[in-house]
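**Q** No letters, just coordinates:
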């Protein structure tokens, strides 16, 4: 984890430690919106069965796509920071030689 003092020093990045928290918050929001969409689709089935079914399917598909894309975005951010760490290690190794 990071300490409060890390916020004022630029020796260490804090994003890799908090990106997982933001990822789970995004997943929770996606699931909440998905549940809301499912209930809306079920309510719309009373008016138009076909339209409600389409809303229901699109809500479920939206949850799946949202979870996948949020995971891809979180991994991309973590990969960028990992590349930075590896490049720093290579640079330090070059200075020793």
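**A** All right, it came through fine. This structure is a prediction, so every number in the text was calculated from the model and none was measured.

**Q** Strands along the protein, start to end?
**A** For the chain, no strands are identified by DSSP state E.

**Q** Let me see the ranges of the helices in it.
**A** 15-44, 49-96 (DSSP state H).

**Q** which one of these lies closest to residue 8?
**A** Closest approach to residue 8 among those is made by helix 15-44 (15.3 Å; CB to CB). No exception for glycine: its C-beta is placed from N, CA and C like everyone else's.

**Q** quick one, that closest one and helix 49-96 angle?
**A** Calculated by axes from the mean of the first three to the mean of the last three CA atoms, to 10 degrees, helix 15-44 forms an angle of 170 degrees with helix 49-96.

**Q** Only the buried residues of helix 15-44, if you could.
**A** 16, 23, 26-27, 30, 34, 37-38, 41, 44 (16 or more other CB atoms under 10 Å).

**Q** just to revisit the earlier point, tabulate the helices of the chain (JSON lines), appending distance to residue 8 and mean pLDDT.
**A** Below are the helices of the chain laid out as JSON lines (distance: least, CB to CB, whole Å; pLDDT from 0 to 100):
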{"stretch": "helix 15-44", "distance to residue 8": "15", "mean pLDDT": "93"}
{"stretch": "helix 49-96", "distance to residue 8": "19", "mean pLDDT": "92"}
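
**Q** will you turn the buried residues of helix 15-44 into a markdown table that also has distance to residue 72?
**A** A markdown table is the format used below for these (distance: CB to CB, whole Å):
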| residue | distance to residue 72 |
| --- | --- |
| 16 | 16 |
| 23 | 11 |
| 26 | 12 |
| 27 | 13 |
| 30 | 13 |
| 34 | 18 |
| 37 | 21 |
| 38 | 24 |
| 41 | 26 |
| 44 | 31 |
